[in-house]
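Undergrad: Here you go, sequence then predicted model.
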Amino acid sequence: MRATILIAEDDPDIRGLLRLYLESEEFEVIEAENGTRALELARAKMPDMAVLDVMMPGMDGYELTRALRRLGDLPILILSAKSRDEDKILGLNLGADDYIAKPFNPVEIVARVKAQLRRAARSSASALSAGGLILDPSSLAVIRDGVSVPLTPMEYKILSVLMRSPGRIFTKLQLYESAAGTYFEGDDNTMMVHISKLREKIEEDPRTPRRIVTVRGLGYKFAAR
C-alpha cells in the first residue's frame, strides 16, 4: 500500500512542486491550503506523514503540529521561511520530528520523508527496559518511577537507539542516522534539541544527566545505572 503524505501549505506553487516530487516516488498526496483544512483531512484520511508550512492563515503550522500530535504519532516535517534556531526549537518542542528552512531542495524533502517513514516502520513492537526506564512502543511513552512520560516519535526513536546499546558512544551523526535514517547538513542542532528535551523528561536533574551522558568531543551514551 502506498504511504499517504499530507501537505499543508498556502502557496499553491510549493504544494504543486512537493506533489510532483512525492508522487514521482509513488506516494499518495493530499493537500490543504491552511491549517484548519489540513486538520480536517488528517482526521478523515489518517495520513502516514505530514509536511507542514508554518505561516498559514487560520491555524499556523505550530498550532497544527500540536493538534496532529494529539491525534497520533505520525511523523511531522515542518517547512518554514523562519530559519532562526528559536523557530526550529519551537517546532521540535511542539512535537515535530524534523524542520527544514526555505528555500529547500525538493529532492532532500523526498529523502527526509522516506527516512522518517522508514524509521517509523522499523519501530520495535516490544517494550525495552534499561537504566531504570521502560520504553513502551504502544504508547510512545517511557515509564519512569511508575509514571508514564509521553515522548514524541523522534524522542522515542533516539532513546530506543541509546537504550538498546547501553554504554556505547554514538556520535551525533550516528545517532541521527540510526534514529532518522539519513543525515543532512545542519542536523547537529536538531539532535541537540531532541537530546535536551529527552533529558527534561527522563532525568531527575536535566542539568546533571545520569542516563543520557555527553562524552565530550565524541557524542552521547546511555548509562544503565
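TA: Looks like it arrived, so ask away. Numbering: from 1, shown residues only.
Undergrad: ok, the most centrally placed residue in the chain - contacts?
TA: In the chain, the residue lying closest to the centroid (C-alpha atoms, centre = their mean) is Asp97, at 1.4 Å. Contacts for Asp97 (C-beta atoms under 8 Å, 6 or more residues apart in numbering) come out as 75-77, 116, 152-154, 180. C-beta here means a position set from N, CA and C on the backbone, and glycine is covered the same way.
Undergrad: do Lys82 as well
TA: Lys82 neighbours (C-beta under 8 Å, 6+ apart): 54-55, 101.
Undergrad: could you check the distance from Asp145 over to Ser129?
TA: As judged by C-beta to C-beta, to the nearest Å, Asp145 and Ser129 stand 14 Å apart.
Undergrad: Compare neighbour counts for these two and give me the winner.
TA: Counted by other C-beta atoms under 10 Å, Asp145 and Ser129 do not tie: Ser129 has more neighbours, with 12 against 8.
Undergrad: count of neighbours near Asn93?
TA: Neighbours of Asn93 under the rule other C-beta under 10 Å: 16.
Undergrad: Near Ala67, how many other residues are there?
TA: By other C-beta under 10 Å, 18 other residues sit near Ala67.
Undergrad: Tell me how far the closest residue in space to Leu151 that isn't next to it in sequence lies from Arg216.
TA: If the residues on either side of it in the chain are set aside, Leu151 comes closest to Leu140, at 5.4 Å by C-beta to C-beta, 6 or more residues apart in numbering. Remark: distance between Leu140 and Arg216 (C-beta to C-beta) = 31 Å.
Undergrad: what about these two, which has more around it?
TA: Between Leu140 and Arg216, counted using other C-beta under 10 Å, Leu140 has the larger neighbour count: 17 against 5.
Undergrad: and the more buried one, what are its phi and psi?
TA: phi 50, psi 50 (degrees, to the nearest 10).
Undergrad: Then Leu151?
TA: The phi/psi pair for Leu151 (degrees, to the nearest 10) reads phi -120, psi 150.
Undergrad: I'd guessed it sits against Ala179; true?
TA: No. Assessed by C-beta atoms under 8 Å, Leu151 is found out of contact with Ala179, at 11.9 Å.
Undergrad: Just give me the neighbour total for Ala50.
TA: When counting by other C-beta under 10 Å, one arrives at 28 neighbours for Ala50.
Undergrad: low-scoring stretches of the protein, by residue?
TA: Along the chain, segments meeting pLDDT under 70 span 1, 83, 122-126, 180-188, 225.
Undergrad: what number of residues lie near Arg69?
TA: Neighbour count for Arg69, taken as other C-beta under 10 Å: 17.
Undergrad: re earlier: can you lay out the contacts of Asp97 as CSV showing distance to Leu41?
TA: Formatted as CSV, these follow (distance: C-beta to C-beta, whole Å):
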residue, distance to Leu41
Pro75, 16
Ile76, 14
Leu77, 16
Gln116, 19
Thr152, 21
Pro153, 20
Met154, 23
Ala180, 25
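Undergrad: and of those, the nearest to Asn93?
TA: Lowest distance from Asn93 to those (C-beta to C-beta) belongs to Thr152, with 8.9 Å.
Undergrad: Only C-alpha atoms, please: export stretch 160-173 in PDB.
TA: The C-alpha trace of stretch 160-173 is given here as PDB (Å, rounded to 0.1, in the frame of the first residue of the first chain):
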ATOM      1  CA  SER A 160      15.400   3.400  21.800                       C
ATOM      2  CA  VAL A 161      18.700   3.500  19.900                       C
ATOM      3  CA  LEU A 162      20.600   4.600  23.100                       C
ATOM      4  CA  MET A 163      18.900   2.100  25.400                       C
ATOM      5  CA  ARG A 164      19.500  -0.900  23.100                       C
ATOM      6  CA  SER A 165      23.200  -0.300  23.400                       C
ATOM      7  CA  PRO A 166      24.000   0.900  26.900                       C
ATOM      8  CA  GLY A 167      27.500   2.300  27.300                       C
ATOM      9  CA  ARG A 168      28.100   2.600  23.500                       C
ATOM     10  CA  ILE A 169      29.100   6.100  22.400                       C
ATOM     11  CA  PHE A 170      27.100   7.500  19.500                       C
ATOM     12  CA  THR A 171      28.300  10.500  17.500                       C
ATOM     13  CA  LYS A 172      25.600  13.000  16.600                       C
ATOM     14  CA  LEU A 173      25.800  11.700  13.000                       C
END
